[in-house]
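>>> coordinates only, sequence not included:
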C-alpha cells in the first residue's frame, strides 16, 4: 500500500472537493462531487448524528447514485449548506430525473462547532451560501487543516481540522479518505504522539513513527463539554461497489476512527462515514479494501490535526505550534 500522488481523496479519479469558510464565524463547509453521479452508502456509529438524506442511501432505496456529499459545521444549522449545493447543481442541470424535473441528490452530515469562539450571531444562516461557494470551488487540489468543515473543529486537546489521505493497493485500486475531525476524544497520547502513528506513510503527519512514550491504555479525560463533538468523513474508491458493499466499506472505515481517536463513537459524538464508489475499476478484494479503508481514514484523521493552523480567538492550541 502506498499513498496516491496527491495523498488526497481526489486521487480517486473523477472526484473533486471544494471548501468554503468564514473566519469570523469559525465554521465552514466541504463538498465532494463529480461530473457524474456516484454510488454511495453510509454508516453511523456515533450517538448524536446530524444528517440529511442518509435514509436514501440504504441498499433497498430507489436512488442508487448521488450528485454530491456535504460535510459542514454549524450543527443543525449547517444542514442548510446542502441547499446551496442543490441550487448550484440544479443550475448545472444535474439531478435525479423525474419526468421533466431534476432533483439533485445531496446527502450531508454536520458537526457541532457553535461554542468554539466564533461569531454565531447571524440573522440569516450563512450555511447555504457557504455550501454554494464550496461547490463552486471544487477541484482536484484543496487545502487541509483549518479549512472547510474543519475550520472551527476542536478535539479533546488540540485544534481539529479537515484531513485527507489516499492509498493505492497492489492491484491498482485507489482508496481515499476525507474527514472533518471535531472529536470529544483525543487524537494523541499524552506525549503528543498520534494514536494513528502505526499507519503513517512517510512523514505525512510528522514522521514520528512509534518513537517516544506510547500508551494504548491511556484514557484521556474530555476537555470539551459533552455534545460539542462529532467526526464526519467520506471513504471513496474507484472499485465498482453497490450500495450494500459500500455500507460495509463505511463500517470498515469506522475502524480508522477507533484507531486514531480515543475514545471514538461516544454517545455524544455523531460519528458518521459516507462511502463512495466511482465504479471505474472492477470490484477489489473486500478484505483488502476494508483494511485499506481503515488505515487511510486513520491517516486522514491525524493529518487533520497535524495541519491545523492558529487563528485569532482560538480556544485550543495547534499540534504543530506546540510540538513541532
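Noted; the coordinates are in hand. Remember, it's a predicted structure, so these values are computed and weren't measured experimentally.

>>> From now on I want contacts and neighbour counts done on CA atoms only, so please keep to that.
Fine.

>>> by contact count, what packs against the longest helix seen in the chain?
For the chain, the helix with the greatest residue count under DSSP state H is helix 286-306. Counting by 3 or more C-alpha pairs under 8 Å, 6 or more residues apart in numbering; DSSP states H and E, the packing neighbours recorded for helix 286-306 are strand 161-168, strand 174-181, helix 243-260, helix 319-323.

>>> Of those, flag the one that's most buried.
Scoring those by mean neighbour count under mean count of other C-alpha atoms under 10 Å gives strand 174-181 as the most buried, with a mean of 32.

>>> count of neighbours near the nearest residue to residue 157 once chain neighbours are set aside?
In space, and not counting its chain neighbours, residue 157 is closest to residue 186: 6.3 Å by C-alpha to C-alpha, 6 or more residues apart in numbering. The criterion is other C-alpha atoms under 10 Å. On that basis, residue 186 has 27 neighbouring residues.

>>> what's the next secondary structure element after the helix or strand harbouring residue 41?
Counting by DSSP states H and E, the element that carries residue 41 is strand 27-44. Using DSSP H and E, the helix or strand that follows strand 27-44 in sequence is strand 51-52.

>>> same for that next one, what does it pack against?
Contacts defined by 3+ C-alpha pairs under 8 Å, 6+ apart place strand 51-52 against strand 108-110.

>>> Outside of the helix or strand just after the strand it packs on itself, which residues are in contact with it?
Proceeding N to C from strand 108-110, the next assigned helix or strand is helix 127-136, under DSSP H and E. For helix 127-136, the external contacting residues (C-alpha atoms under 8 Å, 6 or more residues apart in numbering) are 17-21, 28-33, 70, 74, 77-85, 87-88, 148.

>>> how much space between the residue nearest to residue 157 and residue 244?
Counting by C-alpha to C-alpha, to the nearest Å, the gap from residue 186 to residue 244 is 31 Å.

>>> same check, this time on residue 284
If you measure residue 284 against residue 244 using C-alpha to C-alpha, the figure is 15 Å.

>>> What does the pLDDT read for residue 191?
Residue 191 is assigned a predicted lDDT (pLDDT) of 83.

>>> Look up phi and psi at the residue lying closest to residue 271 once chain neighbours are set aside.
Using C-alpha to C-alpha, 6+ apart and skipping the chain neighbours, the partner closest in space to residue 271 is residue 46 (4.2 Å). With angles defined as degrees, to the nearest 10, residue 46 shows backbone torsions of phi -80, psi 160.

>>> And the pLDDT at residue 46?
The score at residue 46 is 90. That number is its pLDDT.

>>> wait, what's in contact with it?
So residue 46 contacts 230, 264, 265, 266, 267, 268, 269, 270, 271, 272 (C-alpha under 8 Å, 6+ apart).

>>> cool, residue 27 as well?
With C-alpha under 8 Å, 6+ apart as the criterion, the residues that contact residue 27 are 21, 72, 73, 74, 113, 118, 148, 149, 150, 151, 152, 153.

>>> cool, residue 92 as well?
Remark: with contacts taken as C-alpha under 8 Å, 6+ apart, residue 92 is in contact with nothing.

>>> what do you get for residue 53?
When contacts are counted by C-alpha under 8 Å, 6+ apart, residue 53 is found next to 106, 107, 108.

>>> Next one: it relative to residue 164, how far apart?
Taking C-alpha to C-alpha as the measure, residue 53 and residue 164 are separated by 24 Å.

>>> now do residue 150
Shown here: residue 150 relative to residue 164, a distance of 11 Å by C-alpha to C-alpha.

>>> between those two, what contacts are shared?
With the criterion set as C-alpha under 8 Å, 6+ apart, the overlap between the contacts of residue 150 and residue 164 is residue 304.

>>> quick one on the thing from earlier: could the contacts of residue 46 be laid out in JSON lines, adding pLDDT, secondary structure and distance to residue 3?
Below are these laid out as JSON lines (pLDDT from 0 to 100; DSSP: H, G, I helix; E, B strand; the rest coil; distance: C-alpha to C-alpha, whole Å):
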{"residue": "230", "pLDDT": "91", "secondary structure": "coil", "distance to residue 3": "26"}
{"residue": "264", "pLDDT": "91", "secondary structure": "coil", "distance to residue 3": "25"}
{"residue": "265", "pLDDT": "93", "secondary structure": "coil", "distance to residue 3": "27"}
{"residue": "266", "pLDDT": "89", "secondary structure": "coil", "distance to residue 3": "30"}
{"residue": "267", "pLDDT": "90", "secondary structure": "coil", "distance to residue 3": "33"}
{"residue": "268", "pLDDT": "87", "secondary structure": "coil", "distance to residue 3": "33"}
{"residue": "269", "pLDDT": "89", "secondary structure": "coil", "distance to residue 3": "29"}
{"residue": "270", "pLDDT": "89", "secondary structure": "coil", "distance to residue 3": "28"}
{"residue": "271", "pLDDT": "94", "secondary structure": "coil", "distance to residue 3": "25"}
{"residue": "272", "pLDDT": "96", "secondary structure": "strand", "distance to residue 3": "24"}
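
>>> ok, of those, which one's closest to residue 6?
Set against residue 6, the nearest of the contacts of residue 46 by C-alpha to C-alpha is residue 272 (24.3 Å).
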